[in-house]
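# make a model of this:
(one chain, ligands or ions: 1)
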Amino acid sequence: MIEVREVTKRFGSFKALDELSLHVEEASVYGLLGPNGAGKTTLIKHLAGIYRQDSGQVTIDGEPVYENPRVKSSLVYIPDDLYFFSQYSIDEMAKFYAGIYPAWNWDRFHLLKQVFPLESKGRITHLSKGMQKQVAFWLGICMMPRVMILDEPVDGLDPVMRKKVWNLVLQDVAEHRTTVLVSSHNLRELEDVCDHVGILHQGKIVVERELDSMKSDIHKIQVAYAGTFPEGLFQEGETLYRTQNGSVFLLIVKGNREELLSRIRTTNPIILDVLPLSLEEIFIYELGGMGYEIKNILI
Ligand SMILES: Nc1ncnc2c1ncn2[C@@H]1O[C@H](COP(=O)(O)OP(=O)(O)OP(=O)(O)O)[C@@H](O)[C@H]1O
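Numbers count the residues shown, from 1 in each chain. This next block holds a predicted model:
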């Protein structure tokens, strides 16, 4: 389990993380979203034990991460900018990691040759960016980590390989209770794999939600009336958004779906439809409701 408590990190006088708190349950996948410069990589480098926070705590399974070899030996960090020893082949890199990761699994390494179509004797640094990313996952998965920290993980991978890589990671979450934190700009990508998503903005988590409950809690409703809109139909805070086109109203409302619908029916609408709502729309309306400049937060 990953726990970040009131962490602040300054670079000079600039506060990159501002009393940030975050919690990731064991065997779950947490998606970290945010615009450029929000602080995602800075946070991730704290989780990987590369940066030391100015204040606050960063722990994994209750132990501080920074300068803690025991925690690091069960943690895999796949950064956006990968690094491999310049002369090493995949086989040589695997031998190197096998020597430092106690849970390294050679059977997995050989089995995964079927998934990653790469020549394991060639130099890694001669491979393309996407192929090097495949190597990072191949080796990372063989370390049998308890925690995986992934920064823009599938950036550079083709769609087929993205799917394969996510399948492997999610299989470990299900079978080995691996805990995953993944940063991305792509909400659509996170929607398929995460069970929690947090949005980071100017060094703070501004929204954090469990995806299943979020989707069942917010609704897009189209409704039309012969007369005027029955003001007072919704309580304060229930309506996140309302727009009117002639006699038709488009509403984004929070609450129990059946309860909301039966309440609306009592006002005798001439049209009442529930429309599909994407995760992206939910975040946009929620953030808008909180007074954030949405276009600056979600891309
Ligand atoms: N080593 C550093 N020295 C000074 N400022 C830094 C340093 N690292 C990060 N920053 C600043 O901290 C802020 C957060 O940077 P960070 O790389 O964490 O953002 P990010 O959310 O990962 O952005 P992106 O999506 O562009 O990768 C930025 O304003 C950046 O300029």
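# mind checking pLDDT for the closest residue to residue 39 other than its chain neighbours?
In this structure, residue 39 finds its nearest non-sequential neighbour in residue 203, 4.5 Å apart by C-beta to C-beta, 6 or more residues apart in numbering. C-beta here means a position set from N, CA and C on the backbone, and glycine is covered the same way. We note a pLDDT of 94 for residue 203 in this prediction.
# over to the one 10 residues further on?
At residue 213, the model reports a pLDDT of 77.
# before we move on, back to that, check contacts around the residue nearest to residue 39.
9, 15-18, 20, 38-39, 42 (C-beta atoms under 8 Å, 6 or more residues apart in numbering).
# what are the contacting residues of stretch 36-55?
2, 4, 6-10, 16-17, 20, 22, 32, 34, 58, 60, 65-68, 71-72, 75, 77, 79-80, 149, 151, 181, 183, 200-203.
# filter those residues down to the buried ones.
2, 4, 7, 9, 16-17, 20, 22, 32, 34, 58, 60, 65-66, 71-72, 75, 77, 79, 149, 151, 181, 183, 200-203 (16 or more other C-beta atoms under 10 Å).
# before we move on, the earlier item: just the contacts of stretch 36-55 that are near the ligand?
By C-beta under 6 Å from any ligand atom, the members of the contacts of stretch 36-55 lying near the ligand are 16, 34.
# I'd say residue 58 and residue 65 touch.
Yes - Residue 58 lies in contact with residue 65 (C-beta atoms under 8 Å); the separation is 5.1 Å.
# residue 285 should be in a helix, yeah?
Yes - counting by DSSP: H, G, I helix; E, B strand; the rest coil, residue 285 is part of a helix.
# what's the burial count for the nearest residue to it once chain neighbours are set aside?
Nearest residue to residue 285, sequence neighbours excluded (C-beta to C-beta, 6+ apart): residue 240, at 4.3 Å. Per other C-beta atoms under 10 Å, the neighbour tally for residue 240 reads 20.
# mind checking the SS state of residue 240?
Under three-state DSSP, residue 240 comes out as strand.
# surely it and residue 218 touch.
Yes - the criterion here is C-beta under 8 Å, and residue 240 meets it with residue 218 at 7.1 Å.
# what's the overlap in contacts for those two?
Joint contacts of residue 240 and residue 218 (C-beta under 8 Å, 6+ apart) are 252-254, 285-286.
# what is the rounded mean pLDDT of the helix ranked longest in the chain?
Taking DSSP state H as the criterion, the chain has its longest helix at helix 159-176. For helix 159-176, mean pLDDT rounds to 94.
# give me the contact list for the helix or strand that that helix is followed by.
Sequence-wise, the next helix or strand downstream of helix 159-176 (DSSP states H and E) is strand 179-184. Residues from elsewhere that reach strand 179-184 (C-beta under 8 Å, 6+ apart): 1-2, 24-34, 40-41, 43-44, 47, 146-153, 169, 173, 190, 193-194.
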